[in-house]
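Chemist: sequence isn't available, so here's the structure alone:
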């Protein structure tokens, strides 16, 4: 029955019947909850409402599909079964190293990793395309040194620097981009689609922002002080889903830090040609506090990131770190129509130059040599993997 007569001789719509509790009203369709899997409390629940993920998922708590997939995975060396420390050494630096040198070392490793990838692409050694972050290393290193265990980081198609700054896993990333089974995603995620404990990237512009907000909501519902950090580029500001997410994040005061890396060019289109108005005002329209910086100084970025992350962690709601930077390499591999003079000028104030001024010449040479040795070991080990 789709309708019933009313007192005026007409018919009630089904919505009217439901609203007044009419016996002819359609009964709501109730989906019975699925039985909960036997898993620790800190694992993803298989029921309708998931328990927020807090870190590494134990093997016996994974979804059945993931466990089943392992049965068909060829037996090959994995990153977990290799002595990673002996392969990469201290390429990304440790807490015992003076901070000035450690920041330079991490940026140098990311820079050389990216430059090496571009060379390897020319040799036909990579599985798919690649987007380097040459010139933007200070953003990744400056922000992510303040992320803590249990936080979640989300990135985009230009994700290598973010992943390396967070994990230091050069071998896992190199193997992944080469399509090796020992890669961080078994060689099937490639350059853009990485998934590791606490890290996720996606090549769909803006698509990762609602995911980051969802995990931030999970942290909030869990009552923890964990946060989500999501990196986007200036070109992503043309995606509607970003603004939908900012609206709900502001309303619900989610623990989310959005880092917008404005590298001046959206692929081959200059910012002035595709971004109307003020970038800052776009975020402030939702009541989000914005810290805006035009710098390649990793230490200045680090200071601001520390304050922003601390505010988000204290429950002050979502915030934005707007970083005006510059991409020194082409968008992907060889697609670059920017004015040569403009690019050349930016090389004079790129992150390694700025941070290098704070080090002695001998320290720079030493760190550069150690990075080359470590990167060479990563490449050799990745090439040897099946």
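Modeler: That came through fine. Bear in mind that the values here come from a model prediction, so they are computed numbers and not experimental data.
Chemist: please enumerate the strands of the stretch 51-200 of the chain.
Modeler: 152-155, 195-196, 199-201 (DSSP state E, counting those that start in this stretch).
Chemist: out of these, deepest packed?
Modeler: Highest mean neighbour count among these (mean count of other C-beta atoms under 10 Å): strand 152-155, with a mean of 27. In short, each C-beta sits where N, CA and C put it, glycine included.
Chemist: same question for it, mean pLDDT?
Modeler: Across strand 152-155, the average pLDDT comes to 95.
Chemist: also stretch 226-243?
Modeler: Mean pLDDT, stretch 226-243: 92.
Chemist: what are the buried residues along it?
Modeler: 226-237, 239, 242 (16 or more other C-beta atoms under 10 Å).
Chemist: cool, and stretch 339-348?
Modeler: In stretch 339-348, counting by 16+ other C-beta under 10 Å, buried: 343, 346.
Chemist: start the count at 263 instead of 1 going forward.
Modeler: Got it, first residue is 263 now, which makes that one stretch 601-610.
Chemist: out of the strands of the stretch 313-462 of the chain, flag the one nearest residue 619.
Modeler: strand 414-417 (28.6 Å; C-beta to C-beta).
Chemist: partners of the closest one in the sheet?
Modeler: When pairing is defined by DSSP bridges, strand 414-417 lines up against strand 461-463 (parallel), strand 490-495 (parallel).
Chemist: thinking residue 493 is in contact with residue 519, fair?
Modeler: No. Assessed by C-beta atoms under 8 Å, residue 493 is found out of contact with residue 519, at 9.6 Å.
Chemist: and the strands paired with strand 414-417: which comes nearest residue 559?
Modeler: Comparing those by C-beta to C-beta, strand 490-495 comes nearest, at 18.3 Å.
Chemist: now do the closest one: everything it contacts.
Modeler: Residues outside strand 490-495 that contact it (C-beta atoms under 8 Å, 6 or more residues apart in numbering): 401-402, 405-406, 409, 413-418, 420-421, 424, 467-468, 470-471, 474-475, 477-478, 481, 504, 516-525, 528, 571.
Chemist: ok, now stretch 554-567?
Modeler: Applying C-beta under 8 Å, 6+ apart, the contact partners of stretch 554-567 are 362, 365, 369, 397, 399-401, 403-405, 407-408, 521, 542, 553, 583-588, 611-613, 616-617, 620.
Chemist: that one: which residues count as buried?
Modeler: 554-555, 557-561, 563-564, 566-567.
Chemist: go on, stretch 621-629?
Modeler: Of all the residues in stretch 621-629, those buried under the rule 16+ other C-beta under 10 Å are 621, 625-626, 629.
Chemist: same deal with stretch 403-412?
Modeler: Per 16+ other C-beta under 10 Å, stretch 403-412 contains these buried residues: 403-409, 412.
Chemist: helices - which of the residues you listed land there?
Modeler: Counting by DSSP state H, the buried residues of stretch 403-412 place 403-406 in helices.
Chemist: sort out which one of those lies nearest residue 378 for me.
Modeler: Residue 378 lies nearest to residue 403 out of these, by C-beta to C-beta, at 17.9 Å.
Chemist: that closest one and residue 368, how far apart?
Modeler: Going from residue 403 to residue 368 by C-beta to C-beta, to the nearest Å gives 5 Å.
Chemist: with residue 630 instead?
Modeler: As judged by C-beta to C-beta, residue 630 and residue 368 stand 13 Å apart.
Chemist: check residue 378 too.
Modeler: From residue 378 to residue 368 the distance is 16 Å (C-beta to C-beta).
Chemist: would residue 638 count as being in a helix?
Modeler: Yes. Under the criterion used here (DSSP: H, G, I helix; E, B strand; the rest coil), residue 638 sits inside a helix.
Chemist: quick check, pLDDT for it.
Modeler: 93.
Chemist: what is the neighbour count of it?
Modeler: 12 (other C-beta atoms under 10 Å).
Chemist: same deal with residue 612?
Modeler: Neighbours of residue 612 using other C-beta under 10 Å come to 21.
Chemist: OK, contacts around the residue nearest to it when sequence neighbours are not counted?
Modeler: Distances taken as C-beta to C-beta, 6 or more residues apart in numbering place residue 397 nearest to residue 612, at 5.4 Å, with adjacent residues excluded. Neighbouring residues of residue 397 by C-beta under 8 Å, 6+ apart: 525, 558, 587-591, 608, 612-613.
Chemist: residue 473 too?
Modeler: Contacts of residue 473 were listed using C-beta under 8 Å, 6+ apart, and they are 416, 462, 464.
Chemist: include distance to residue 373 when you put those residues into CSV, please.
Modeler: Output for the contacts of residue 473, formatted as CSV (distance: C-beta to C-beta, whole Å):
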residue, distance to residue 373
416, 23
462, 24
464, 24
